[in-house]
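[1] my questions concern the predicted model and sequence given below.
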Amino acid sequence: MTEIFIGKNIDEAKRNACAKFGAPIDKIKFEIIDEGKKGFLGIGKTDAKVKATYTPVKTDEKAEKTSANEKKNVATLIEKIVDGPVEEKAKAAKTEEKAAAEETKPAAEISEEIASEADVIEEAKPDEITDEEEEYSLDNFTLIENDADLNPKAKIAVDYIESVLSAMDVNAKFKIYQNEKGAVIDIDSDSNGTIIGRRGDTLDAIQYLSSMIANKGDREYFRITIDCFGYREKRKATLKQLAEKVAKSVLRTGRSQPLEPMNPYERRVIHSAISKIEGVASRSVGDEPYRKIIISSELGNKRNDRRRGGGRNVNRNGGRKNFEPRESKQIDLSTSFEKDYKRPKPEDNIEGGLYGKIEF
């Protein structure tokens, strides 16, 4: 089968093809139709376009060609999404596993990668604040204990996740929670840090791919959320802590502060937290995957003006100082020669004559 796929760049278009066909990238033939243009400030920007051709492999042949090559293909596909080799992330994750499992403390780690506002690509509309954070609470889901009660799309997602983790040599157990709108698949294994990755990069990649495959060819969207050892709730608490910390800084200084780039879910958590803090506002700027949030004060620089005494001619109580205009002092710019020349001389006295008055 042959289809045309688009994306912001060639790699994204190829990833869309892999997700649609459910096949590794080296099993699909690609023909580049348009490489796309970045444009300037969004003007003249065009998407990349590729023509993808995929021939499904028969079941018998498929069973013979698994093992090492298939594992490598899945790892390559995840690497494209996560932007880093899976093996390297697995090694790094061992040292980060404790931090990933206890990520309620690194508020400083997350926010101190604050870049200057000059790095903002272009301003776009803010992300809508939805109730997704509240909907994610497991109180709104039912634990599925019988496979017969499992939604078909959730079953597709679970099967795909099992194949990915198998390719990563990770053994895991699943708990599946479900409601009418979607499912939460909670993973638990001895390699939770490997599954989560750096700040959830690997977990987000697995969630993105499984959601694409589960909803392929169906207009009714079924939300797939992947969690691992309660990471999502811990990350959510960390983001709220970050939002409060940055909001206090903005209120104190009056200066806007941008945060590091985040995915849409994390941005919604920040927007939701900021909307509950009086005196600050948040907006999203830039393009994915570098889209970030800027938190700014709704009071402008008024706090700074009060702290500095309100600027010139303003006292500490906020009123204007009473002052009287000073008389301008005239400066004599004449030279010493001019001063001596203008000094009165004896001969200037009419009554005295040249040598003064002579009496007889």
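    Happy to help now that I have it.

[2] what segments of the stretch 101-250 of the chain are helices?
    For the stretch 101-250 of the chain, the helices defined by DSSP state H, counting those that start in this stretch occupy 107-111, 132-135, 152-167, 192-196, 201-214, 231-253.

[3] quick check: angle from the longest one to helix 201-214?
    What that stands for is helix 231-253. Computed with axes from the mean of the first three to the mean of the last three CA atoms, to 10 degrees, the direction of helix 231-253 lies at 120 degrees from that of helix 201-214.

[4] now helix 231-253 - C-alpha only, CSV.
    Presented in CSV, the C-alpha positions along helix 231-253 are these (Å, rounded to 0.1, in the frame of the first residue of the first chain):
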residue,chain,number,x,y,z
TYR,A,231,5.4,8.8,37.6
ARG,A,232,2.7,11.0,36.1
GLU,A,233,1.3,12.1,39.5
LYS,A,234,4.8,12.8,40.9
ARG,A,235,5.6,14.8,37.8
LYS,A,236,2.3,16.7,38.1
ALA,A,237,3.1,17.6,41.7
THR,A,238,6.6,18.8,40.6
LEU,A,239,5.2,21.0,37.9
LYS,A,240,2.7,22.6,40.3
GLN,A,241,5.5,23.3,42.7
LEU,A,242,7.5,24.8,39.8
ALA,A,243,4.6,27.0,38.8
GLU,A,244,4.2,28.4,42.3
LYS,A,245,7.9,29.0,42.7
VAL,A,246,8.2,30.9,39.4
ALA,A,247,5.0,32.8,40.1
LYS,A,248,6.4,34.1,43.4
SER,A,249,9.6,35.2,41.6
VAL,A,250,7.5,37.0,38.9
LEU,A,251,5.4,38.8,41.5
ARG,A,252,8.5,39.8,43.5
THR,A,253,10.5,41.2,40.5
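
[5] which strands or helices does that helix pack on?
    helix 86-101, helix 107-111, strand 257-258, helix 264-275, strand 280-285, strand 292-297, helix 302-307 (3 or more CB pairs under 8 Å, 6 or more residues apart in numbering; DSSP states H and E). From N, CA and C alone the C-beta is placed, and that goes for glycine too.

[6] comparing the ones you listed, which gets the lowest mean pLDDT score?
    The minimum mean pLDDT among the helices and strands packed on helix 231-253 belongs to helix 107-111 (a mean of 43).

[7] in this structure residue 36 contacts residue 49, no?
    Yes: assessed by CB atoms under 8 Å, residue 36 is found in contact with residue 49 at 7.2 Å.

[8] low-scoring stretches of this protein, by residue?
    Within the chain, the stretches with pLDDT under 70 are 39-42, 44, 57-137, 300-360.

[9] now with 50?
    Applying pLDDT under 50 to the chain flags the ranges 63, 84, 86-87, 89-135, 305-306, 309-311.

[10] closest to residue 43 out of the helices of the stretch 101-250 of the chain?
    Closest approach to residue 43 among the helices of the stretch 101-250 of the chain (CB to CB): helix 201-214, 29.2 Å.

[11] okay, the closest one in PDB with CA atoms only?
    Provided in PDB are the C-alpha atoms of helix 201-214 (Å, rounded to 0.1, in the frame of the first residue of the first chain):
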ATOM      1  CA  ASP A 201      10.900  11.200  27.400                       C
ATOM      2  CA  THR A 202      10.800   7.500  26.700                       C
ATOM      3  CA  LEU A 203       7.500   7.100  28.500                       C
ATOM      4  CA  ASP A 204       6.000  10.000  26.400                       C
ATOM      5  CA  ALA A 205       7.400   8.300  23.200                       C
ATOM      6  CA  ILE A 206       5.800   5.000  24.000                       C
ATOM      7  CA  GLN A 207       2.500   6.700  24.800                       C
ATOM      8  CA  TYR A 208       2.500   8.700  21.600                       C
ATOM      9  CA  LEU A 209       3.200   5.600  19.400                       C
ATOM     10  CA  SER A 210       0.700   3.400  21.200                       C
ATOM     11  CA  SER A 211      -2.000   6.000  21.000                       C
ATOM     12  CA  MET A 212      -1.400   6.500  17.200                       C
ATOM     13  CA  ILE A 213      -1.600   2.800  16.600                       C
ATOM     14  CA  ALA A 214      -4.700   2.200  18.800                       C
END
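
[12] please renumber the chain so that the first residue is 131 from this point on.
    In the new numbering, first residue 131, that becomes helix 331-344.

[13] which strands or helices does it pack on?
    Contacts defined by 3+ CB pairs under 8 Å, 6+ apart place helix 331-344 against helix 140-151, helix 197-212, helix 216-231, helix 282-297, helix 322-326, strand 353-358.

[14] okay, the angle between it and helix 282-297?
    Between helix 331-344 and helix 282-297, the angle formed by their directions is 140 degrees, by the same axes, to 10 degrees.

[15] ok so, going back, to residue 418, which of the helices of the stretch 231-380 of the chain lies closest?
    Set against residue 418 and scored by CB to CB, the helices of the stretch 231-380 of the chain come closest in helix 331-344, at 11.7 Å.

[16] quick one: that closest one to strand 353-358, angle?
    Per the same axes, to 10 degrees, the angle that helix 331-344 makes with strand 353-358 is 150 degrees.

[17] tell me which of the helices of the stretch 231-380 of the chain sits nearest to residue 421.
    helix 331-344 (14.0 Å).

[18] show me the contacts for residue 308.
    By CB atoms under 8 Å, 6 or more residues apart in numbering, residue 308 lies in contact with 271, 272, 274, 279, 280, 281, 284, 314.

[19] list just the nearest of those residues to residue 162.
    Nearest to residue 162 among the contacts of residue 308: residue 284, at 35.7 Å, using CB to CB.
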